[in-house]
Every structure is written in C-alpha cells, then in structure tokens.
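A.B. asks: Dropping a prediction and its sequence here:
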Amino acid sequence: MPPTNQSLSNALVHLGRGPADQGRSVNLPLHQCSTLLFDDLAGFQAAREGRYEKGTLYYGRYGNPASFELEQMVAELEGGHGAVSLSSGLAAATIALMAASQAGDHILVADNVYGPTREFCDSVLTKFGVQVTYFDSMSVPALSQALRPNTTAVFFEAPGSGTFEVPDIRQIAATARDHGALSIIDGTWATPVFCQPLALGVDVVVHSGSKYMGGHADSMIGFIVCTEATYGTMRKMALAIGDKAGAQDVFLSLRGLRTLDMRMKHVVAAGLEVARWFAAQANVSRVLHPAFESCPGHENWKRDFSGAAGLFSVVFDPCEEAKLHAFVAALKLFSVGVSWGGFESLVLPVTPYRTAAPWTLPGRVVRFSIGFESTNDLIADLGAALPLLT
Ligand SMILES: Cc1ncc(COP(=O)(O)O)c(C=O)c1O
C-alpha cells in the first residue's frame, strides 16, 4: 500500500536513510563506488548468483547501498515492490518500453507523451522491429479499438505533456490488463505526493527525478517503479542496457526528496494563484491546468489526484512571434529552460505535436513552471510583460 498523504511526509523524512550502523550523520553519505570487494570466493559467487535481486551488492553498476536505499524509498512512496534508478527520466521511459516489447510486438503510446519518448519509439523501437501506434489518451474506446493481438504495452502520461488533459488512469490500465498488455505511465508531473498510479491498477510508473523529486534543477535521474510481477524484467533490462544513476545524483535525490511534500504544497497553491490570475487577463484564451473545470479530464484529476503541480500552460490569443520574444525577454523572474520542477520559475513556448487527436486550439501555447519566488512578485512580473503580447 502506498503511504497515505498524512504518513507520506513522515516517509519522506525517515525512509532511505540507511541502516543504523551507517554512522551518525542524518544523511546517507555519497556512495561512490565501482568495484565491491568480497572476503572469499563463496561470498562472491553468492553475490553473482543474486545480482539481479534487489539489494544484492555485486558491482557498482548493479547498485550500491545508497542507490538501493533510494530505490526502496521511491518504491515505497509509490506503493510498489521495487524501483530501478537510471541516468535520466528519458532512460526510465525507454528502458521500460524496451523491457515491455520485442521484435514483432505492437505497443500503443499516447500521442501527448513527452516528445523525446515519442522520438525514441519512432527512431529506435521501430528500428528493432516493434510496431508503434499512437492513441488519444482521452478516449478509452479509441484505445480499445487500437489494440492488436500482438499489443504488449500501453504507454501514457498523466496529465498530457504541455497540454495537461487528464486521462482516466484506471480505465486505461484496466483496458491494457484485460488485453494482457502492460500499462506504463509517466507520472513525473504529479509525483507520488499527488498520485499513486499503481494503486489505480497501472503496472509500471516511470518518473523523471530530475524534476520535482530532485527539486533543485541540478540532478539528472529517472526511476522505474514496479509491482512484484514487473520488477525483475525492468531491472534486467536496465542492467542489460548498462544504464545507472550516478552516485551524486542518487545523493542529491535522497536529499531533494526530504522536502518533496512541502515543495508540492507550495507549488499547488502558487501555481493555482498564477493560473487563476492568467485566466482573468484579456489576451488569454485558455489556461490548461488540470484543476480548472475547463480542462479536459478535470473530473479524472479530481478523482485520482490529491493536488496539482506548479506546471501548466496558457493559450494566448494568436500573436506575432516577435511579440512572444518581447514578452519572454521582459520577464525578470522567469527564465527560459526546457526542464521544470526546480525552485526557479520557468517559461517555455510549446508546440503540441499530436497525431491521434490533432491539436486545433488557435493561439500560442506557453508553459510556465512556478517556483519559490514571491507569488505576488511573479504575478507583478507577468503583469508588466503581458501588454507586450498584444
Ligand atoms: C513528463 C516528462 N517525462 C520525462 C522527461 C525526461 O526526463 P529527463 O529530463 O530526466 O530525462 C521529462 C523532461 O522534461 C518530462 O517532462
């Protein structure tokens, strides 16, 4: 069972701190290692045999005490059996997809997933003989229709990248399961604080820990969180590929996770305040935010999520490109950057690329990540720059 929201803050503080004999420091130290030493051959052989199992110390690439602590912590936050830590969120998505398919299989991918995940499917999976088709994650009947006898996985994201519509996680997971296919969700936006997809029936959750989970815009890390049934396959694929989270990123993630609950509490409130302010502005045609009733799938969000991240988009009335540049340049507290979920506020124009359910909303979509600056000052900054868009 995933921790309840009440116990989640306790779990974030107390999990992942290593055994009591680790030393007296509050934090697990940075664990930098490649070679691990054994007292005798029998010990080495036992480790070799158990190297695919959770927690077996064999060689640095297979894990070390700090990475195992972090993985177990993330697994418990999600209510999973185990987790695998990788070098990036993209590696988590691609390795999960590789573990769930082989040549001749078909996989279904929601057309609103993170762009590079799509690129991987189109450029790598297809090259190795996996058929990939895209579906509209807001239509479960469309998903059912797109299933083929050889469909082995359904990959989706909640909410959709850049456009924030919220699919029905339970229905998608159930549809995949009834067909004998694995459901994999990119749960980066919500983090385990706001949504725990395994409890909704999803088989595998992938996260970019480079966002809120690390939380400080400095670590690159990804996680695949698994049920007991999927853990072995996912871990073996990660090891076969040879991907691994670096020691420093493991350390930074463990540190960042301590404050995840507090940070999410801030961004849910600050994000909504800024989003509501945007909704009242003249040149804003729509705010794409799951907590807004106008957001497709708002009912799904209300049912399955306990909060909203500080990442949302605004659709501005159509305007010339030069005006968009002037608006962004005039912002003093928002910087341009592709990531999100750190302490700093960010702005990024996005172009939704959709093939199953074409994006038809006119206007310019701009994504905002709300950080920890004063919310009043952020709104004042936006207010001063907004006239440049008209
Ligand atoms: C939803 C989502 N998933 C995955 C990723 C990839 O994560 P990483 O940058 O850690 O590879 C991103 C990055 O922007 C993302 O937005």
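C.D. replies: Nice, thanks for sending it over.

A.B. asks: Run through the residues that contact residue 331.
C.D. replies: Shown in contact with residue 331 (C-beta atoms under 8 Å, 6 or more residues apart in numbering): 347, 381, 382, 385. The way it works is simple: take the backbone N, C-alpha and C, and place the C-beta from them, glycine included.

A.B. asks: from this protein, which residue is nearest to the ligand?
C.D. replies: residue 89 (2.5 Å; C-beta to the nearest ligand atom).

A.B. asks: I'd say that residue and residue 210 touch.
C.D. replies: Yes - the pair residue 89 and residue 210 passes the contact test of C-beta atoms under 8 Å, sitting 5.8 Å apart.

A.B. asks: So for those two, which sits in the more crowded spot?
C.D. replies: Neighbour count, other C-beta atoms under 10 Å: between residue 89 and residue 210, residue 210 has more, with 28 against 25.

A.B. asks: Tell me which residues of stretch 173-189 come out buried.
C.D. replies: Within stretch 173-189, the residues scored as buried using 16 or more other C-beta atoms under 10 Å are 173-176, 179, 181-189.

A.B. asks: Show residues contacting the helix or strand bottoming out on mean pLDDT in the chain.
C.D. replies: The weakest-scoring helix or strand in the chain, judged by mean pLDDT, DSSP states H and E, is helix 5-14 (a mean of 89). Helix 5-14 is contacted from outside by 3, 73, 76-77, 192-193, 257-262, 306, using C-beta under 8 Å, 6+ apart.

A.B. asks: Neighbour-wise, which one of those leads?
C.D. replies: Most surrounded of the contacts of helix 5-14: other C-beta under 10 Å gives residue 192, at 31 neighbours.

A.B. asks: what are the C-alpha coordinates of stretch 383-390, in PDB please?
C.D. replies: The C-alpha trace of stretch 383-390 is given here as PDB (Å, rounded to 0.1, in the frame of the first residue of the first chain):
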ATOM      1  CA  GLY A 383       1.500  41.700 -15.500                       C
ATOM      2  CA  ALA A 384       4.200  44.100 -16.500                       C
ATOM      3  CA  ALA A 385       5.200  42.000 -19.500                       C
ATOM      4  CA  LEU A 386       1.800  40.800 -20.700                       C
ATOM      5  CA  PRO A 387       0.900  44.000 -22.700                       C
ATOM      6  CA  LEU A 388       3.800  43.200 -25.000                       C
ATOM      7  CA  LEU A 389       1.800  40.300 -26.400                       C
ATOM      8  CA  THR A 390      -1.000  42.500 -27.800                       C
END
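
A.B. asks: Please list the residues outside it that contact it.
C.D. replies: Contacts with stretch 383-390, where a contact means C-beta under 8 Å, 6+ apart, come from 277, 281-283, 316-317, 319, 323-324, 326-328, 330-331.

A.B. asks: And the ligand, is stretch 127-147 touching that?
C.D. replies: No - Stretch 127-147 does not reach the ligand (C-beta under 6 Å from any ligand atom); its nearest approach is 13.1 Å.

A.B. asks: Report the buried residues of that stretch.
C.D. replies: The neighbour-count check on stretch 127-147 (16+ other C-beta under 10 Å) flags 130-138, 140, 143, 146-147 as buried.

A.B. asks: what's the most distant pair in those?
C.D. replies: Farthest pair in those (C-beta to C-beta) is 130 and 138. Separation: 24.3 Å.

A.B. asks: Please report how far the residue of the chain closest to the ligand lies from residue 160.
C.D. replies: 16 Å (C-beta to C-beta, to the nearest Å).

A.B. asks: Please apply the same query to residue 305.
C.D. replies: Counting by C-beta to C-beta, the gap from residue 305 to residue 160 is 14 Å.

A.B. asks: who touches both of these two?
C.D. replies: Common neighbours of residue 305 and residue 160 (C-beta under 8 Å, 6+ apart) are residue 166.

A.B. asks: Of those two, give the one with the bigger neighbour count.
C.D. replies: residue 160 (28 against 21).

A.B. asks: Just give the nearest non-adjacent residue to the more buried one, would you?
C.D. replies: residue 112 (3.2 Å; C-beta to C-beta, 6 or more residues apart in numbering).

A.B. asks: Please tell me I have it right and that neighbour contacts residue 161.
C.D. replies: Yes - assessed by C-beta under 8 Å, residue 112 is found in contact with residue 161 at 5.8 Å.

A.B. asks: what does this structure put close to the ligand?
C.D. replies: 88-90, 114, 157, 161, 186, 188, 208, 210, 220, 222, 339.

A.B. asks: I'd like those laid out as JSON lines, including secondary structure and pLDDT.
C.D. replies: As requested, those are arranged in JSON lines below (DSSP: H, G, I helix; E, B strand; the rest coil; pLDDT from 0 to 100):
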{"residue": "88", "secondary structure": "coil", "pLDDT": "98"}
{"residue": "89", "secondary structure": "helix", "pLDDT": "98"}
{"residue": "90", "secondary structure": "helix", "pLDDT": "98"}
{"residue": "114", "secondary structure": "coil", "pLDDT": "98"}
{"residue": "157", "secondary structure": "strand", "pLDDT": "98"}
{"residue": "161", "secondary structure": "coil", "pLDDT": "98"}
{"residue": "186", "secondary structure": "strand", "pLDDT": "98"}
{"residue": "188", "secondary structure": "coil", "pLDDT": "98"}
{"residue": "208", "secondary structure": "strand", "pLDDT": "98"}
{"residue": "210", "secondary structure": "coil", "pLDDT": "98"}
{"residue": "220", "secondary structure": "coil", "pLDDT": "98"}
{"residue": "222", "secondary structure": "strand", "pLDDT": "98"}
{"residue": "339", "secondary structure": "coil", "pLDDT": "94"}
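
A.B. asks: Among those residues, which pair sits farthest apart?
C.D. replies: 157 and 220 (19.1 Å).

A.B. asks: Could you find the closest non-adjacent residue to the most centrally placed residue in the chain?
C.D. replies: With distances taken as C-alpha atoms, centre = their mean, residue 188 lies nearest the centre of the chain, 1.8 Å away. Nearest non-adjacent residue to residue 188, counting by C-beta to C-beta, 6+ apart: residue 208, 4.5 Å away.
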